[in-house]
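Have a look at this prediction, sequence included:
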Amino acid sequence: MDLSRARAAAAAGFLSQGLILLSLTTRLPEFQDRWDLSDVDLSLILLMMILLAGAGSVLAEGLARRRDSALLLRAGLLIVAVAVPVLCSAQSAAFFIGGVAAYGLGLGVVDASTNMQAVALEHRYDRPILPSFHGAWTLGGVLGAASTLATSDLPLPASAVLGVVPLLVAFGPFLPRDHGPTELATQVAVPWRPIMLVGVAMVLFYMVDTAVQTWGPLFLDHTFSTPQRYVALAALAYLVASGAVRIAGDSLVRRHGAVLVLRVGAVVAAAALAVVVFSPSWQVAVLGFALLGAGVAVVAPLSFSAAARIAGGEGFDPAVRQARVDAVIARFNQFNYVGALLGSVLTGLIGSDSLRIGFAVPMVLVLGIVPLAPAFAPRLAASLNRR
């Protein structure tokens, strides 16, 4: 199979995921007004979405033992393609909530299966390429936020057209698995404990990532007299800087190694959050958010790469190896949602009186990536897999 076409298709999957998610999250105030939702109501709906996304990822893990990740990705994209028009054009709150629920489930399946595709392609290329895939997600997020700004005068149901994007991507030439015998599923033993160190780093990243996208605009709004049209710059600056570093991340990791890149990035991230916490103006805070995006950009893709190395092991039949990797990636994706819950809840609760204090928490915790970085080294990952 043409690997370049499969790589482009997987990148399109990442891009569509980021585009849809940011398109929806940047329209949350509109959804809140349309359905007269209180902050508590909206928080509960978002919690439901995150929990269902976790369930979708667990579902993908179970199916990955017997089904192709390409098939899972197509199914997840089709669920999203149906859910988005439903929740955007719903005529009752029940249909809106049902659409959000379906979207959450599809989100989890797509999250897991896009990363399955990415690590399988990275194995075929035999060099780091995951940062560029996650760069495609970030690019999609930037496009999603930009689409909200560009269509702010249109009625909310007009955004239902976004469902066309995952529908088209679902027919891409994804990488098929080289299936082994039907007994393959019984041979897949997931090495859970060795990936915990890498998983903790993943939690720390998504805690920071979700805190910025959820509370960054509110930080500008509540802490300074920021013009309303500029509060979205917190998330946008973060995403643009993150995307730029992720696109360059493949060569950075090849040149300097994952351990050094992660350690430097964690220190940069802590310094960036210090800029945010002590910022004298909203313009300085936006600069801090941009620097933060650059610092943590490659944590997630390198986490998936390390987890895949631990799962793959040595001496396995290629089909068995791929089944092991697919199952681990789907389970590993749960760290995403643990970090998302911490970022959206912990920062807000601690920062209920002042979001400066709320962002001081991830400022300290992100430095935990420094001692965890050696777990990302290929040799250590291989030795952990043998334990």
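Great, that's in hand. Quantities reported herein were computed from a predicted structural model and do not represent experimental measurements.

just for the chain, where's the confidence low?
By pLDDT under 70, the low-scoring segments of the chain are 1, 39, 178-192, 194, 312-320, 378-387.

So which other helices or strands are in contact with the longest helix seen in it?
The single longest helix within the chain, with elements called by DSSP state H, is helix 93-125. Packed against helix 93-125 by the contact rule (3 or more Cβ pairs under 8 Å, 6 or more residues apart in numbering; DSSP states H and E) you find helix 3-25, helix 39-64, helix 69-89, helix 130-150, helix 299-312, helix 318-332. For glycine as for every other residue, the C-beta is placed from the backbone atoms N, C-alpha and C.

and the ones you listed, which is most packed in?
Mean neighbours per residue, mean count of other Cβ atoms under 10 Å, is largest over those for helix 299-312, with a mean of 27.

Just the angle for that one relative to helix 318-332, thanks.
Relative orientation of helix 299-312 and helix 318-332, computed by axes from the mean of the first three to the mean of the last three Cα atoms, to 10 degrees: 140 degrees.

ok so, going back, figure out which of the helices and strands packed on helix 93-125 is closest to residue 230.
With Cβ to Cβ as the criterion, residue 230 lies closest to helix 130-150 of these, at 11.4 Å.

Send me the closest one as PDB with only the CA atoms.
C-alpha atoms of helix 130-150 as PDB (Å, rounded to 0.1, in the frame of the first residue of the first chain):
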ATOM      1  CA  LEU A 130       3.600  11.300  15.400                       C
ATOM      2  CA  PRO A 131       4.300  15.000  16.200                       C
ATOM      3  CA  SER A 132       3.200  16.000  12.700                       C
ATOM      4  CA  PHE A 133       0.000  14.000  13.100                       C
ATOM      5  CA  HIS A 134      -0.800  15.900  16.300                       C
ATOM      6  CA  GLY A 135       0.200  19.100  14.500                       C
ATOM      7  CA  ALA A 136      -2.600  18.300  12.000                       C
ATOM      8  CA  TRP A 137      -5.000  18.100  15.000                       C
ATOM      9  CA  THR A 138      -3.800  21.500  16.200                       C
ATOM     10  CA  LEU A 139      -4.200  22.900  12.700                       C
ATOM     11  CA  GLY A 140      -7.800  21.600  12.600                       C
ATOM     12  CA  GLY A 141      -8.400  23.300  16.000                       C
ATOM     13  CA  VAL A 142      -7.100  26.600  14.600                       C
ATOM     14  CA  LEU A 143      -9.400  26.200  11.600                       C
ATOM     15  CA  GLY A 144     -12.300  25.300  13.800                       C
ATOM     16  CA  ALA A 145     -11.800  28.400  16.000                       C
ATOM     17  CA  ALA A 146     -11.400  30.600  12.900                       C
ATOM     18  CA  SER A 147     -14.600  29.200  11.400                       C
ATOM     19  CA  THR A 148     -16.500  30.200  14.500                       C
ATOM     20  CA  LEU A 149     -15.100  33.800  14.200                       C
ATOM     21  CA  ALA A 150     -15.900  33.900  10.400                       C
END
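
and that helix with helix 93-125, angle?
Using the same axes, to 10 degrees: helix 130-150 against helix 93-125 is 150 degrees.

Report all helices and strands that helix 130-150 contacts.
Using 3+ Cβ pairs under 8 Å, 6+ apart: helix 130-150 touches helix 3-25, helix 93-125, helix 233-256, helix 299-312.

now these in CSV, with distance to residue 292?
Listed next are the helices and strands packed on helix 130-150 as CSV, based on distance: least, Cβ to Cβ, whole Å:
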stretch, distance to residue 292
helix 3-25, 17
helix 93-125, 22
helix 233-256, 6
helix 299-312, 12
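
Ok, which of those helices comes nearest residue 208?
Of all those, it is helix 299-312 that lies closest to residue 208, at 8.6 Å by Cβ to Cβ.
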